[in-house]
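1. pasted the sequence and its predicted model underneath.
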Amino acid sequence: MKKITTTLAILLFIVMAFSVSVDAWNPTLDNAHYMVRASVNEIRALQFKLGFGFDRFNSFDTLFAYNGDSFDLQGTWLLNFTGDQEIDMNLRLNAATKLAERSIRPAIGVGGEFPLGDRNYTFWSIDYYFNVSSNNLVYEAGVGFPITANSDLTLGVGNSFWDRGNSEAAIGLKVGF
């Protein structure tokens, strides 16, 4: 079963990559998001996410995480259902790894952003990871508050692939380019 799900995930990535014209694969750096994830009494991880846009329907996020002992990496291909509308709904195709283990764990999920008033917004995501022993769901939800024209303060709660058993609060700074 593990080989079948991994093979299907890889085939899906390949088919989607070759079905789009070459002109669409000119990525631009859209945003950078620095987050501190913590429980009530300790900081659990420092995370840095870079968001790249290809066109109005395809984007890619890279997440680098450091938990005090090791570095971890996650890549997420976002397929936008809604184009350039205010409501942002995405199909999420993920691959996460603990760099020390050298194994990749694929996932599929949904996520998005919704406006909350004139300037604030909510964000959320839920991903189902294949080939993991327990607690396959990874989730996150939060609120973004604009500070300047291109920077936001983010407050959220959720877990991560590397710490699926614990919900953590997160505070971050997101900068758009």
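-> Alright, I've got the coordinates. Numbering: from 1, shown residues only.
2. can you pull out the strands in the protein?
-> 28-38, 43-53, 58-66, 71-80, 88-98, 103-116, 120-129, 137-148, 151-160, 163-176 (DSSP state E).
3. and these as JSON lines, adding mean pLDDT and mean neighbour count?
-> The C-beta positions use only the backbone N, C-alpha and C, and glycine is treated the same way. Shown next, in JSON lines, are the strands of the chain (pLDDT from 0 to 100; neighbours: other CB atoms under 10 Å):
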{"stretch": "strand 28-38", "mean pLDDT": "94", "mean neighbour count": "16"}
{"stretch": "strand 43-53", "mean pLDDT": "93", "mean neighbour count": "17"}
{"stretch": "strand 58-66", "mean pLDDT": "93", "mean neighbour count": "17"}
{"stretch": "strand 71-80", "mean pLDDT": "93", "mean neighbour count": "18"}
{"stretch": "strand 88-98", "mean pLDDT": "92", "mean neighbour count": "19"}
{"stretch": "strand 103-116", "mean pLDDT": "92", "mean neighbour count": "16"}
{"stretch": "strand 120-129", "mean pLDDT": "96", "mean neighbour count": "17"}
{"stretch": "strand 137-148", "mean pLDDT": "96", "mean neighbour count": "15"}
{"stretch": "strand 151-160", "mean pLDDT": "96", "mean neighbour count": "17"}
{"stretch": "strand 163-176", "mean pLDDT": "93", "mean neighbour count": "15"}
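4. and G176, what does it touch?
-> D30, N31, N150, S151, D152 (CB atoms under 8 Å, 6 or more residues apart in numbering).
5. I figured F81 was touching G111, is that so?
-> No - F81 is beyond contact range of G111, at 10.7 Å (criterion: CB atoms under 8 Å).
6. overlap in contacts, those two.
-> In contact with both F81 and G111: M89, N90, using CB under 8 Å, 6+ apart.
7. thinking again about what came up before, need the contacts of G176 in a markdown table (columns: distance to R102).
-> Formatted as a markdown table, these follow (distance: CB to CB, whole Å):
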| residue | distance to R102 |
| --- | --- |
| D30 | 29 |
| N31 | 29 |
| N150 | 37 |
| S151 | 36 |
| D152 | 35 |
